[in-house]
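Participant: Based on what follows, work out the 3D shape:
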Amino acid sequence: MSQIAGVIAVVACTLFAGAAAYINLVEHPARLSRGTEIAATEWPASYKRAAVMQASLAVLATIAGMGRWLLTGGSLWLAGSLCIFVVVPFTLVVIRPTNRRLLAPGRDRGSAETRALLETWGRLHGVRTALSLLGALLFVWASVCQ
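Facilitator: Next up is the predicted model:
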């Protein structure tokens, strides 16, 4: 059972990290390169689809990692679980205000303020990416060490 929890934690966290890195390194820069209005028009659809997938993966990785830690011990499992878990409150407390402003009805999608919000969102999402990559590395390290 503990092995299964470990595999689920590694897979869910690495999938999250990969998707997050893709967004930061490829999708968001490409979106911004097309101009602010196009980026602001495309962002909501991408955000809504990614939010469901990434929230599910973060919760699954956290639960599986914590389960593995509770079953077998190992501070790396706990540390990895905490890294991926922190993504959830960070999103709700820090990123959500930016999301709400970007999704506000009547927003001028071509404005300098919208551009600044999109750039801020990209930097904030980078924190999620870093946390998930660290969590994935800790989970993989824990898998190799035990």
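
Participant: In contact with residue 108, which residues?
Facilitator: Shown in contact with residue 108 (Cβ atoms under 8 Å, 6 or more residues apart in numbering): residue 114. Bear in mind the C-beta positions are built from the backbone N, C-alpha and C, glycine included.

Participant: mind listing what's buried in stretch 97-106?
Facilitator: Under the neighbour-count criterion of 16 or more other Cβ atoms under 10 Å, stretch 97-106 has 98-99, 102 buried.

Participant: Please apply the same query to stretch 107-123.
Facilitator: 109, 114-115, 117-118, 121-122.

Participant: quick one on the thing from earlier: so which of the buried residues of stretch 97-106 belong to strands?
Facilitator: Judged by DSSP state E, strands contain none of these.

Participant: Reformat the residues you listed as a markdown table; add distance to residue 49.
Facilitator: Formatted as a markdown table, the buried residues of stretch 97-106 follow (distance: Cβ to Cβ, whole Å):
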| residue | distance to residue 49 |
| --- | --- |
| 98 | 18 |
| 99 | 14 |
| 102 | 15 |
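
Participant: Out of these, list just those in helices.
Facilitator: 98-99, 102 (DSSP state H).

Participant: The helix or strand where residue 7 lies: what's the following helix or strand?
Facilitator: Using DSSP states H and E, residue 7 sits within helix 2-22. Using DSSP H and E, the helix or strand that directly follows helix 2-22 along the chain is helix 28-33.
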